[in-house]
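S.K.: sequence and predicted structure, then a few things I'm wondering about:
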Amino acid sequence: DTGVSQDPRHKITKRGQNVTFRCDPISEHNRLYWYRQTLGQGPEFLTYFQNEAQLEKSRLLSDRFSAERPKGSFSTLEIQRTEQGDSAMYLCASSSLAGVNEQFFGPGTRLTVL
Amino acid sequence: KQEVTQIPAALSVPEGENLVLNCSFTDSAIYNLQWFRQDPGKGLTSLLLIQSSQREQTSGRLNASLDKSSGRSTLYIAASQPGDSATYLCAGKLTFGTGTRLTIIP
């Protein structure tokens, strides 16, 4: 078990470009979560999946954001037409319904929008 | 809507001291409460999870308690070490506090 992995670790893009992040959860974890964290703040919930179903989305997830988990394994988070305000750390976590639903986090993807 | 508050925002203590970090939440209908540490620029490391039916959990020098009726949780760190310096975050129902930045002074 290698833990939650995220790719890329860092992304620098120009305003208006689209970006996509990938998250690979711990094997056999049913739930996968996306959060966004800005400097000095705690993570803010964006969305979560149970298997391939997207069960909850935050109001923070504007129309420019979309997340998928097509086969119930890895997930992607896409941001279209990036804005400078999208600059943040994007964190992914996974948990298992079979246990106490403890969340385990990946290292994050740091996005900088110029 | 769940709100989670952590006070103080920052804390500095000399090495070897015991300390308590506080977490308050508004919605007592939480399934569980989880404590994390975060080092600068890194992801979150899970420390302890307390289920709603439990009152406390212990791991090594760490002890976390949960009082749902008052909407409070505490994280107790015994015999603090410089390696404990980090930001500590609590979370319940997908909502995180803003964290307490802890500095242990050698």
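M.R.: Done, it's in.

S.K.: who touches the residue in chain B that chain A sits nearest to in this structure?
M.R.: Closest approach between chain B and chain A, counting by C-beta to the nearest C-beta: B:Phe96, at 3.4 Å. Bear in mind the C-beta positions are built from the backbone N, C-alpha and C, glycine included. By C-beta atoms under 8 Å, 6 or more residues apart in numbering or on different chains, B:Phe96 lies in contact with A:35, A:42-45, B:4, B:89-90.

S.K.: which single one of these is nearest to B:Leu62?
M.R.: B:Cys90 (12.6 Å; C-beta to C-beta).

S.K.: quick one on the thing from earlier: out of the contacts of B:Phe96, which is nearest to B:Leu102?
M.R.: Using C-beta to C-beta, the contacts of B:Phe96 come closest to B:Leu102 at B:Leu89, 11.1 Å.

S.K.: need the phi and psi values for the closest one.
M.R.: phi -120, psi 140 (degrees, to the nearest 10).

S.K.: same thing with the one 4 residues further on?
M.R.: Note on B:Lys93: backbone dihedrals following degrees, to the nearest 10 are phi 50, psi 50.

S.K.: what's the closest non-adjacent residue to it?
M.R.: B:Gln2 (4.7 Å; C-beta to C-beta, 6 or more residues apart in numbering or on different chains).

S.K.: show me which helix or strand of chain A is least confident by mean pLDDT.
M.R.: Here the helix or strand of chain A ranked lowest by mean pLDDT, DSSP states H and E is strand A:53-57, holding a mean of 92.

S.K.: where do the helices sit along chain A?
M.R.: Along chain A, no segments are classed as helices by DSSP state H.

S.K.: list the contacts for the residue nearest to B:Lys93?
M.R.: With C-beta under 8 Å, 6+ apart, B:Gln2 has these contacts: B:25-27, B:30, B:92-95.

S.K.: close to chain A: what parts of chain B are there?
M.R.: B:4, B:31-32, B:34, B:36, B:41-46, B:49, B:51, B:89, B:91, B:94-99 (C-beta under 8 Å from any C-beta of the partner chain).

S.K.: can you flag which of those belong to strands?
M.R.: In strands, judged by DSSP state E, the following of the residues of chain B next to chain A are found: B:4, B:32, B:34, B:36, B:44-46, B:49, B:51, B:89, B:91, B:95-96.

S.K.: would a markdown table of the residues you listed with pLDDT and distance to A:Ser62 be doable?
M.R.: Output for those, formatted as a markdown table (pLDDT from 0 to 100; distance: C-beta to C-beta, whole Å):
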| residue | pLDDT | distance to A:Ser62 |
| --- | --- | --- |
| B:Val4 | 93 | 23 |
| B:Asn32 | 89 | 29 |
| B:Gln34 | 95 | 27 |
| B:Phe36 | 97 | 27 |
| B:Leu44 | 95 | 24 |
| B:Thr45 | 96 | 30 |
| B:Ser46 | 95 | 29 |
| B:Leu49 | 94 | 31 |
| B:Gln51 | 89 | 34 |
| B:Leu89 | 98 | 25 |
| B:Ala91 | 95 | 23 |
| B:Thr95 | 93 | 19 |
| B:Phe96 | 96 | 20 |
